[in-house]
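Visitor: below are the sequence and a predicted model for it; my questions follow.
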Amino acid sequence: MESIREWVDDPAIPNDEMLYRGITEHQIAEGMVSSAAFKGSSRSGDPHFSVDRASMTTPRDTLERLCHSVAVAQLQAGSARALAPDVAGIASAPVPGNLAHALILRAPSVGGSAWIRVARSLASACGWAIPPGAVS
């Protein structure tokens with residue numbers, strides 16, 4: 001059985017690089033990105049949050065790869081890193097079919113109400129690369 005990889009912050013991802021995150025209907029509140037976009041973990045049990053690097057893809061490609069997304073949020077890598085030590089950095093994590101894939105790293109010691117605060121901060125740092133309703 002393969003263990004979950006220990007990810008580390010990638011200094012090759014500059015703080016001014018935009019990161020794209022696919023957003024579903026339930027991750028939108030009052031036309032803005034909701035903290036729900038950063039509260040749950042993936043089905044695999046990995047506590048980190050998938051994003052795509054803007055230097056390697058487009059918002060349209062991100063949206064097309066994610067069948068349940070209705071919008072694409074964007075935030076600067078530095079905005080996520082500014083939430084250290086709760087956010088442990090940004091790691092490049094290419095996967096087959098998506099070389100732009102990266103992860104916002106959730107520090108292993110952060111959970112519960114502390115992470116809710118971080119999720120709110122991440123959501124408030126987001127803007128729209130593709131707003132809800134922009135694509136039919």
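Guide: Sure thing, it's come through.
Visitor: check contacts around the residue lying closest to Pro85 once chain neighbours are set aside.
Guide: Distances taken as C-beta to C-beta, 6 or more residues apart in numbering place Ala107 nearest to Pro85, at 5.7 Å, with adjacent residues excluded. Every residue, glycine included, has its C-beta placed from N, CA and C. For Ala107, the contacting residues are 85-88, by C-beta atoms under 8 Å, 6 or more residues apart in numbering.
Visitor: ok, now Leu103?
Guide: Applying C-beta under 8 Å, 6+ apart, the residues near Leu103 are 7, 46, 48-51, 90-91, 93.
Visitor: confidence-wise, which of those comes last?
Guide: Among the contacts of Leu103, Asp46 has the lowest pLDDT, at 63.
Visitor: at which residues are the strands of this structure located?
Guide: Assigned strands in the chain, in chain order: 18-23, 28-29, 32-33, 49-53, 71-76, 87-92, 101-106, 127-130 (criterion: DSSP state E).
Visitor: could I get these as TSV with distance to Ser121?
Guide: Listed next are the strands of the chain as TSV, based on distance: least, C-beta to C-beta, whole Å:
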stretch	distance to Ser121
strand 18-23	14
strand 28-29	15
strand 32-33	11
strand 49-53	13
strand 71-76	10
strand 87-92	9
strand 101-106	12
strand 127-130	14
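Visitor: so which of those is nearest Lys39?
Guide: Among the strands of the chain, strand 49-53 comes nearest to Lys39, with 9.6 Å by C-beta to C-beta.
Visitor: for burial, what's the neighbour tally of Val87?
Guide: 24 (other C-beta atoms under 10 Å).
Visitor: is it true that it touches Arg81?
Guide: Yes: under the criterion of C-beta atoms under 8 Å, Val87 makes contact with Arg81 at 6.4 Å.
Visitor: give me the below-cutoff pLDDT ranges for this structure.
Guide: Along the chain, segments meeting pLDDT under 70 span 1-5, 40-46, 136.
Visitor: biggest helix in it, by residue count?
Guide: Using DSSP state H, we find that the single longest helix of the chain is helix 112-125.
Visitor: ok, residues contacting it?
Guide: Under the criterion C-beta under 8 Å, 6+ apart, residues 32-39, 75-76, 79-80, 83, 86-87, 104, 106, 110 lie in contact with helix 112-125.
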